[in-house]
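J.: Based on what follows, work out the 3D shape:
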Amino acid sequence: MERGFHVSVIRRIQPVAIVELYGYLDASTANELDNLLARLLEEGYIKIVLNCAGLEYISSAGLGVFMGHIESYRAVGGDLRFCSLRERIATIVEMLGFPLIFHFFPDCQTAEASYSNSKS
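T.: I've put the predicted structure just below:
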């Protein structure tokens, strides 16, 4: 049984883009997210909010996509910020130490507002 993944940009107000993740982010689906993050950066969207409310599963390959882009975003004054993680995924990212690298928020509004309250 194949488990799908979908990513979509729901709002773009430069330099911020809100991105929603749905389904299963793993080795077979990570390329879609990787391409989107690269394209957003090229287009000047340097402050990304990743809404994970619909994300059901994430593998190390999926987590690797974020690690692969964070330096590029921060080098131009941007960031990747996460919101609305399901409990199971929040536990995984916490165990792996991701809160030391990335910012996590309870909802999209708080995540988006955090860009106004900081340099990145």
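J.: what about the strands in this structure?
T.: 5-13, 16-25, 47-58, 79-83, 103-105 (DSSP state E).
J.: could you measure the spatially most central residue of the chain against Val7, distance?
T.: Residue closest to the mean C-alpha point of the chain, counted by Cα atoms, centre = their mean, is Leu50 at 3.6 Å. Counting by Cβ to Cβ, to the nearest Å, the gap from Leu50 to Val7 is 9 Å. (Each C-beta comes from the backbone N, C-alpha and C, glycine too.)
J.: Now list whatever residues contact both of those two.
T.: Contact with both Leu50 and Val7 is made by residues Val19, Leu21, according to Cβ atoms under 8 Å, 6 or more residues apart in numbering.
J.: For the longest helix out of those in the chain, give the mean pLDDT please.
T.: Using DSSP state H, we find that the single longest helix of the chain is helix 60-75. For helix 60-75, mean pLDDT is 96.
J.: go on, stretch 81-91?
T.: For stretch 81-91, mean pLDDT rounds to 96.
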